[in-house]
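J.: sequence plus the predicted model coming up.
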Amino acid sequence: MTEVHHVRVAPERLERWLAGFAQRHPEPQVTVTPDAVELVSPDGARAWLESPWGRPSAEDPLAALVAEACRPRRVGALLVRRNSHAVGIFDGSKLVRHRVGRHYVQGRTKAGGWSQQRYARRRGNQADQAFDRAAQDASELLLPEVDTLDAVLLGGDAQAVRSVLADPALAALRSLHERQRRPLIPVADPNLQVLRDALPRFLAVTIGLNAEARGPAPESR
């Protein structure tokens, strides 16, 4: 099986990355699939560029892919870990609304027996309260705007995010995520700066490269 290496390229650098690929691996053949554009060069180099905003135009798929990647988006964000959460709305690159919360959730204990069970229940209750607060903030900030959002950015701890999204009130947010499904972004304990930094990671285009396609490509770093 061919090993595939992945890089992530900011939308504004994607056109330059494509020009560099064509220079290193001339005359690539372009194939469009529902979720990616594949480049195959006669020298054996292959690249798979995700198309998260829908299948690009078959007439000029690379130009369409770049245009869609660079188009300003309105994105909701929900970052959750046990000890904190951050909710926000980005209009293009600007964070127009946000709310950050911190919670106290006890760490794990090495105690055994009944004390450990009581401690675990208390810790579980604290986590539930933290997730309830995150769900409330998501409901208040994101739900009134959900019909205007292109996608929802999810980040933090996977189990924590699932717990928050399980709230029945957030059904519309779950539906948006299903339509524009993206991988969870791992982040440190959410705060305002972590929230701001998550957007470029979310918008970056993932590109898979086979061994022949790898090589010096400063623009992809």
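T.: Received, thanks. Numbers count the residues shown, from 1 in each chain.

J.: what's the weakest-modelled helix or strand in this structure?
T.: helix 113-141 (a mean of 70; mean pLDDT, DSSP states H and E).

J.: need the CA coordinates for the helix or strand following that helix. PDB is fine.
T.: Once helix 113-141 ends, the next helix or strand along the chain (criterion: DSSP states H and E) is strand 151-156. The C-alpha coordinates for strand 151-156 follow below in PDB (Å, rounded to 0.1, in the frame of the first residue of the first chain):
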ATOM      1  CA  ALA A 151     -19.900  25.200   8.900                       C
ATOM      2  CA  VAL A 152     -19.200  24.600  12.500                       C
ATOM      3  CA  LEU A 153     -15.700  24.200  13.800                       C
ATOM      4  CA  LEU A 154     -15.400  21.700  16.600                       C
ATOM      5  CA  GLY A 155     -12.300  21.300  18.800                       C
ATOM      6  CA  GLY A 156     -11.000  20.100  22.100                       C
END
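
J.: all helices in this structure, in order from the N-terminus.
T.: Assignment of helices within the chain using DSSP state H yields the ranges 11-24, 61-70, 113-141, 158-165, 171-179, 192-203.

J.: please parse the chain into its domains.
T.: Split into domains by automatic domain parsing, the chain comes to 5-71+204-220, 74-190.

J.: quick one: terminal-to-terminal distance for the last one?
T.: Terminal residues of domain 74-190 lie 20 Å apart, using C-alpha to C-alpha, to the nearest Å.

J.: got a list of what the nearest residue to D35 once chain neighbours are set aside touches?
T.: Counting by C-beta to C-beta, 6 or more residues apart in numbering, S51 is the residue found nearest to D35 once chain neighbours are left out, at 5.9 Å. All C-beta atoms are positioned from the backbone trio N, CA, C, and that covers glycine. Contacts here follow C-beta atoms under 8 Å, 6 or more residues apart in numbering; on that basis S51 touches 35-37, 65, 68.

J.: tell me the buried residues within those residues.
T.: 36-37, 65, 68 (16 or more other C-beta atoms under 10 Å).

J.: mind listing residues that contact stretch 36-47?
T.: 2, 21, 24-32, 48-51, 56, 61-62, 65, 207-210, 212-213.

J.: please flag which of these sit within strands.
T.: Among those, the members found in strands (DSSP state E) are 29-32, 48-50, 207-209.

J.: wait, which of the residues you listed is closest to V187?
T.: E50 (20.5 Å; C-beta to C-beta).

J.: picking that back up, any idea which of the contacts of S51 the model trusts least?
T.: Across the contacts of S51, the bottom pLDDT score, 88, is held by D35.

J.: wait, it sits on L49?
T.: No: judged on C-beta atoms under 8 Å, D35 makes no contact with L49 at a distance of 10.1 Å.

J.: one step back: could you dump the ones in strands among the contacts of stretch 36-47 to TSV with neighbour count and distance to E12?
T.: Below are the ones in strands among the contacts of stretch 36-47 laid out as TSV (neighbours: other C-beta atoms under 10 Å; distance: C-beta to C-beta, whole Å):
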residue	neighbour count	distance to E12
Q29	10	26
V30	15	21
T31	12	25
V32	17	22
W48	21	20
L49	24	15
E50	18	16
I207	25	15
G208	17	21
L209	21	20
